[in-house]
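Peer 1: only the shape, not the letters, is given here:
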């Protein structure tokens, strides 16, 4: 992760970090599609590993005390995308990866709209608006480990 990316994440709000995580999912899904085209099994598995890690992280940070209905919907979405991603990898299916990309892009765009909308910001929980001090270190540390070829991610494959 370069200095610009670290600096932009350091000043980001919680919702901006969620959008950044979705951007990461999309980046690795596109990498998985590229690996399917190139018949690169190891590259596909590493990309899928990163996608599933992000989905697990997003699901683990859901707060059921804020809005049960929305939280349940997002949890179901993350579980479905997690499963579809694994199926796409198992069957080496470019079409299934593209289906996941479209679904994730739609939800990412909704988060991006909410990030720019002052009315949406007003109803968001405070930690999504200002929890950058708590979320950034975990996100930055995970990204740095992944980019430095961290051995923990290399041992696990999807």
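Peer 2: The structure has been received and is ready for your questions. Since this is a predicted model, take the numbers as computed values, not measurements.

Peer 1: buried stuff in the longest helix along the chain?
Peer 2: Selection of the longest helix in the chain by residue count, based on DSSP state H, yields helix 14-38. By neighbour count with 16 or more other Cβ atoms under 10 Å, helix 14-38 contains the buried residues 14-22, 24-26, 28-29, 31-33, 35-36. For glycine as for every other residue, the C-beta is placed from the backbone atoms N, C-alpha and C.

Peer 1: low-confidence ranges in this structure?
Peer 2: Within the chain, the segments meeting pLDDT under 70 span 1, 4-9, 11, 120-158.

Peer 1: where do the helices of it begin and end?
Peer 2: Listed from the start of the chain, the chain has helices (DSSP H) covering 3-10, 14-38, 41-60, 68-90, 94-116, 118-123, 126-130, 132-147, 151-154.

Peer 1: quick one: the third one to helix 68-90, angle?
Peer 2: Spelled out, it's helix 41-60. Here helix 41-60 points in a direction 170 degrees away from that of helix 68-90 (axes from the mean of the first three to the mean of the last three Cα atoms, to 10 degrees).

Peer 1: and the longest one, by the same measure?
Peer 2: Per the same axes, to 10 degrees, the angle that helix 14-38 makes with helix 68-90 is 20 degrees.

Peer 1: ok so, going back, quick one: the longest helix of the chain to helix 94-116, angle?
Peer 2: 160 degrees.

Peer 1: how far is helix 14-38 from where the chain is centred?
Peer 2: The gap between where helix 14-38 is centred and where its chain is centred comes out at 7 Å by Cα atoms, centre = their mean, to the nearest Å.

Peer 1: cool, stretch 33-46 as well?
Peer 2: Taking the mean C-alpha point of stretch 33-46 and that of its whole chain, the gap between them comes to 19 Å (Cα atoms, centre = their mean).

Peer 1: check stretch 80-93 too.
Peer 2: If you compare the mean C-alpha spot of stretch 80-93 with that of the full chain, they lie 15 Å apart, counting by Cα atoms, centre = their mean.
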